[in-house]
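Participant: when you get a sec, could you give me coordinates for this:
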Amino acid sequence: MKNYLIGRLKSFIPAFQGIYFLLSHEKNALIHLLATIFAIAMGLTLNISTVEWLFVGLAITLVWVAELFNSSLEKLTDLSQPGYHPIARITKDFAAGAVLMTTFYSIFVAAIIFLPKIFDR
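Facilitator: From the prediction side, this is the model:
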């Protein structure tokens, strides 16, 4: 049983390495990190409810997941098609579009949750 648990814990290592690589090599990850810190700080400052935290957390998570998939698709596309190819470009644009859509969702969530609390102060 102990070996099983150690094996399961070790299986998290590649995931953490992927997140670390994203943060250390992808320019947009810094923007996402700053936005995440800002959203959490706003939530704490404005004392948002549990349900509101669920939506803020979902928005934050969706953006990070989209960025991780976007970055992985970009790397895979670069590996399979090192030079320019119109289909490779479209593939990367699709993935970037997913990040943009989740970012718009998170801005929408932030506006609905944070703005009324800011203006009611």
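Participant: ok, residue 60 - how many residues close by?
Facilitator: Residue 60 has 20 neighbours, counted by other Cβ atoms under 10 Å. All C-beta atoms are positioned from the backbone trio N, CA, C, and that covers glycine.
Participant: buried stuff in the helix or strand harbouring residue 19?
Facilitator: Assigned by DSSP states H and E, residue 19 belongs to helix 13-25. Neighbour counts over helix 13-25 (16 or more other Cβ atoms under 10 Å) mark residue 22 as buried.
Participant: check stretch 92-99 too.
Facilitator: So stretch 92-99, judged by 16+ other Cβ under 10 Å, has buried residues 92, 95-96, 98-99.
Participant: can I get these in a markdown table with pLDDT, secondary structure and distance to residue 54?
Facilitator: Shown next, in a markdown table, are these (pLDDT from 0 to 100; DSSP: H, G, I helix; E, B strand; the rest coil; distance: Cβ to Cβ, whole Å):
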| residue | pLDDT | secondary structure | distance to residue 54 |
| --- | --- | --- | --- |
| 92 | 96 | helix | 32 |
| 95 | 97 | helix | 26 |
| 96 | 97 | helix | 27 |
| 98 | 98 | helix | 22 |
| 99 | 97 | helix | 21 |
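Participant: report how many residues lie close to residue 58.
Facilitator: Neighbours of residue 58 using other Cβ under 10 Å come to 14.
Participant: dump the residue contacts of it.
Facilitator: Taking Cβ atoms under 8 Å, 6 or more residues apart in numbering, we find residue 58 in contact with residue 109.
Participant: pLDDT score for it?
Facilitator: Residue 58 carries a pLDDT value of 98.
Participant: number the chain from 228, please
Facilitator: Okay, using 228 as the starting number, the last item reads as residue 285.
Participant: what about it, distance to residue 255?
Facilitator: The gap separating residue 285 from residue 255 is 20 Å, by Cβ to Cβ, to the nearest Å.
Participant: repeat that for residue 312.
Facilitator: In terms of Cβ to Cβ, residue 312 sits 23 Å off from residue 255.
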